[in-house]
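Asks: My questions are about this predicted structure, shown below with the sequence.
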Amino acid sequence: QVQLVESGGGLVQPGGSLRLSCAAVGFTLDYYAIGWFRQAPGKEREGVSCISSGDGSTYYADSVKGRFTISRDNAKNTVYLQMNSLKPEDTAVYYCATLRGPLYTDYVTLWGQGTQVTVSS
């Protein structure tokens, strides 16, 4: 069965850090661009960051630039999202996805199940 499995979410205080993982099951992640999206209650799902399949080039939304870092470990078939200096407005369900284009939901070909991130004191 082909799927993406996220992990690493949780409750963290403002200013804290979390690392999300996105593991591919049933296929090789090397050949795909991977994006991270998030959806807060009552809001649309938005793109946070993505990493290309070839040269590993990265993109970040302005809201997370300088705080989040995306990386991939092809040997582990996993993509990571390191999140530092977390803010309450980062609270959302985070999803990883395979992309066939830019970081928009229309270009997603496979979604993970999501992992909850809550930033609160």
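Replies: Yep, it's here.

Asks: partners of the residue nearest to residue 56 when sequence neighbours are not counted in the sheet?
Replies: Among residues not flanking residue 56 along the chain, residue 72 sits closest, at 6.6 Å (Cβ to Cβ, 6 or more residues apart in numbering). All C-beta atoms are positioned from the backbone trio N, CA, C, and that covers glycine. Residue 72 has these beta-bridge partners by DSSP bridges: residue 79.

Asks: Against residue 85, how distant is the residue of the chain most remote from its centre?
Replies: Distance from the C-alpha centroid of the chain, by Cα atoms, centre = their mean, peaks at residue 121 (23.1 Å). Note on residue 121: its distance to residue 85, by Cβ to Cβ, to the nearest Å, is 14 Å.

Asks: gap between residue 41 and residue 99?
Replies: 25 Å.

Asks: Between these two, point out the one with more neighbours.
Replies: residue 99 (23 against 7; other Cβ atoms under 10 Å).

Asks: Quick check: which element contains the residue most central in space within the chain?
Replies: The residue lying closest to the centre of the chain (Cα atoms, centre = their mean) is residue 36, at 2.7 Å. Per DSSP states H and E, residue 36 falls inside strand 33-39.

Asks: Just checking: what are the partner strands of that strand?
Replies: strand 46-51 (antiparallel), strand 92-99 (antiparallel).

Asks: May I have the residues that are in contact with the nearest residue to residue 70 once chain neighbours are set aside?
Replies: Computed as Cβ to Cβ, 6+ apart, the closest residue to residue 70 that is not its neighbour in sequence is residue 49, at 4.4 Å. Neighbour list for residue 49: 35-36, 58-61, 64, 68, 70, 81, 103 [criterion: Cβ atoms under 8 Å, 6 or more residues apart in numbering].
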